[in-house]
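# For reference, the sequence and a predicted model appear below.
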Amino acid sequence: MAQTLKAAPAAAAAASAQSLRGNLSVASIVFIVVAAASPLGVIGGPVPLGIAGGNGAGFPFSFVIATVVLLLFSVGFTQMTRFVPNAGAFYAYIGAGLGRGLGLGAAFVALLAYLALEAGVFGLFGPGMGELVKAYGGPDLPWWLWAAACFVLVAVLGYRNIELSGKLLAVLLIAEVAIVVVLDAVVIFSGGGPEGFSTGILSPAEIASGAPGIGILFAILSFVGFEATAVFRDEAKDPDRTIPRATYISLIAIGVFYTLSSWVLISANGQSTIVANAGQNAGTLLQSTTETYLGAVGGHIVQLLFVTSLFACILSFHNISSRYFFQLGARQVLPTALGQAHPKLGSPARASVVASVATGVLILLAVLLKLEPINQFYTWLGGISSVGVVLLLTLTSVAVLVFFAAKHPGGPVWQRRIAPSLGLVGLLGFLAIILVNLPSLVGEEGYGPFSLGVLILLVAALAIGLALSRRQRVLL
């Protein structure tokens, strides 16, 4: 009888978790997670910052390092997919390997990290949209009005079935990638920039110059979102194949795009002057480079697609956050109503509404506290997200190693031991780099109230999960 009572909630949770409906292909999931990475936004934002504050002409190699480490992580991550047949993603994997308490704590860390990044990007979108409208003779309005308009559209799309968002994200992603690819092609076929092609990507002296740790930091931040493929398991075709393929394709596509495009950006401006140029004009470097090689029309297109790229990023992270709320509701950690799919749309509609409310509250607080949208609102929330995601990647790597050593010994050594171990070493290095440079990321000279606050919030989220796991039986 006791076993029956224990099995009932588990069965109910599993059934509820599988009630989301969708028919996402590998391509659809790739579009969603790559859009979350915001390729154009990265080339126009973190890349100039990584060049100026990091290792200059050697910065593109930081993307190579990040790609290799994350590919090693993905080997174990995807190998474990067949053993964790639910859409819990990080917390399901961590729970399976390290126990229910850490797994549930990871769920709250992930929810905090993704909500923070979703809300923070509104701090980029609002000013970006405002500048775009003013460039065409429109009114000069507060950033939060444009953010509010974007918020409404994201809330409506998030409420609907995932396939609608997937189609829209596909169109936006193709457009933003296309303009950068065209720029790359023009620079490459014209023989490079004023000094030819940059050799910094191949020079150990350039790669180690300046502050390579800062370069790695910005490279890591540029990949946030690729790991969310497993969140869409319940809405994917043949998930045991779709999820691993989408993970590898997303990661390789992002890595190649970032490496090539950052190298071209450096070449187009000249290796000897790129650090000074990026430092003085970080926010406009991509647009001015595009105008130089593609004319004024190209510059206008980049300005427009930069804003749509940020919108796509927000929508993608909203979809991810909604599904974390949904899974926690399905497992009776949060109110069970959140784990019920819309009867007609097959979407996590109620969970999406909660994600919208949480994001709206953060935006409202930013307005009431009169935070500067980019240097404060976005930067502070970005700090929470960066530490949180790398922490989750690290815990997941440990969980994979423990899971296969304790519960499924044997099997392919490369996939279950060697690659995850190498990935873990790299991720521990990344985590150390982020913690060392966190004060700079949030605008402090040393650990102060904001950088310490980021760590306290993440520890609190982990502690909440651990406490809840002791009070109730939770199916991971």
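Right, received. Where do you want to start?
# Kindly provide the whole-number mean pLDDT of the helix ranked longest in the chain.
In the chain, taking DSSP state H as the definition, the longest helix is helix 285-330. Averaging pLDDT along helix 285-330 yields 87.
# How about stretch 409-424?
Per-residue confidence for stretch 409-424 averages out to 90 on the pLDDT scale.
# Please save the CA atoms from it in CSV.
As requested, C-alpha coordinates have been extracted for stretch 409-424 and formatted as CSV (Å, rounded to 0.1, in the frame of the first residue of the first chain):
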residue,chain,number,x,y,z
PRO,A,409,29.4,1.0,-14.5
GLY,A,410,30.9,-0.2,-17.8
GLY,A,411,29.9,1.1,-21.1
PRO,A,412,31.9,3.4,-23.5
VAL,A,413,34.9,4.8,-21.5
TRP,A,414,35.3,8.0,-23.6
GLN,A,415,31.6,9.0,-23.3
ARG,A,416,31.2,8.2,-19.7
ARG,A,417,34.5,8.9,-18.1
ILE,A,418,37.3,10.5,-20.1
ALA,A,419,35.4,13.3,-21.9
PRO,A,420,33.2,14.2,-18.8
SER,A,421,36.4,14.3,-16.7
LEU,A,422,38.2,16.6,-19.1
GLY,A,423,35.1,18.8,-19.4
LEU,A,424,34.9,19.1,-15.7
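# Test for you: state the pLDDT assigned to the closest residue to Val177 other than its chain neighbours.
For Val177, the nearest residue in space outside its immediate sequence neighbours is Pro39; the separation is 5.7 Å by Cβ to Cβ, 6 or more residues apart in numbering. To be clear about C-beta, it is placed using only N, CA and C from the backbone, and glycine gets the same treatment. Pro39 is assigned 86 on the pLDDT scale.
# Same check on Leu457?
Per-residue confidence for Leu457 comes out at a pLDDT of 90.
# which ones are touching the residue nearest to Val177?
Shown here is Pro39, whose contacts under the criterion Cβ atoms under 8 Å, 6 or more residues apart in numbering are Leu173, Glu176, Val177, Val180, Ile254, Phe257, Tyr258, Ser261, Ser309.
# what about the second one, how many neighbours?
So the one you mean is Glu176. By the measure other Cβ atoms under 10 Å, the count of residues near Glu176 is 28.
# Tell me the secondary structure at it.
Using DSSP: H, G, I helix; E, B strand; the rest coil as the criterion, the local structure at Glu176 reads helix.
# quick one, what contacts it?
The contact partners of Glu176, by Cβ under 8 Å, 6+ apart, come to Pro39, Leu40, Leu305, Phe306, Thr308, Ser309, Ala312.
# I'd like those as TSV, with distance to Val186 appended.
Formatted as TSV, the entries for the contacts of Glu176 read as follows, by distance: Cβ to Cβ, whole Å:
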residue	distance to Val186
Pro39	18
Leu40	16
Leu305	16
Phe306	18
Thr308	22
Ser309	20
Ala312	24
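# Please point out which parts of the host helix or strand of Trp146 sit buried.
Assigned by DSSP states H and E, Trp146 belongs to helix 143-159. Of the residues in helix 143-159, those scored as buried under the neighbour-count criterion (16 or more other Cβ atoms under 10 Å) are Trp143, Trp144, Trp146, Ala147, Ala148, Cys150, Phe151, Val154, Ala155, Leu157, Gly158, Tyr159.
# quick one: pLDDT of the fourth one?
Right, Ala147. The pLDDT attached to Ala147 in the predicted structure is 94.
# Check whether it really touches Leu362, as I assumed.
No: applying Cβ atoms under 8 Å as the test, Ala147 and Leu362 come out as separate, 10.7 Å apart.
# quick one on the thing from earlier: helix or strand next in line after the longest helix of the chain, which one?
helix 349-368.
# Just the buried positions in the helix or strand just after that next one, please.
Toward the C-terminus, helix 349-368 is succeeded by helix 379-406 as the next helix or strand (DSSP H and E). Applying a neighbour-count criterion of 16+ other Cβ under 10 Å, the buried positions in helix 379-406 are 379-404.
# start to end distance for stretch 133-144?
Start-to-end span of stretch 133-144 (Cα to Cα, to the nearest Å) is 14 Å.
# Next, the buried residues of that stretch.
Buried residues in stretch 133-144, defined by neighbour count with 16+ other Cβ under 10 Å: Trp143, Trp144.
# Likewise for stretch 436-453?
Within stretch 436-453, the residues that qualify as buried by neighbour count (16+ other Cβ under 10 Å) are Asn437, Leu438, Pro439, Ser440, Leu441, Val442, Phe450, Ser451.
# Now tabulate those in JSON lines and tack on pLDDT and distance to Ser421.
What follows is the buried residues of stretch 436-453, written out as JSON lines (pLDDT from 0 to 100; distance: Cβ to Cβ, whole Å):
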{"residue": "Asn437", "pLDDT": "84", "distance to Ser421": "25"}
{"residue": "Leu438", "pLDDT": "84", "distance to Ser421": "26"}
{"residue": "Pro439", "pLDDT": "86", "distance to Ser421": "31"}
{"residue": "Ser440", "pLDDT": "79", "distance to Ser421": "30"}
{"residue": "Leu441", "pLDDT": "74", "distance to Ser421": "28"}
{"residue": "Val442", "pLDDT": "74", "distance to Ser421": "32"}
{"residue": "Phe450", "pLDDT": "84", "distance to Ser421": "34"}
{"residue": "Ser451", "pLDDT": "86", "distance to Ser421": "30"}
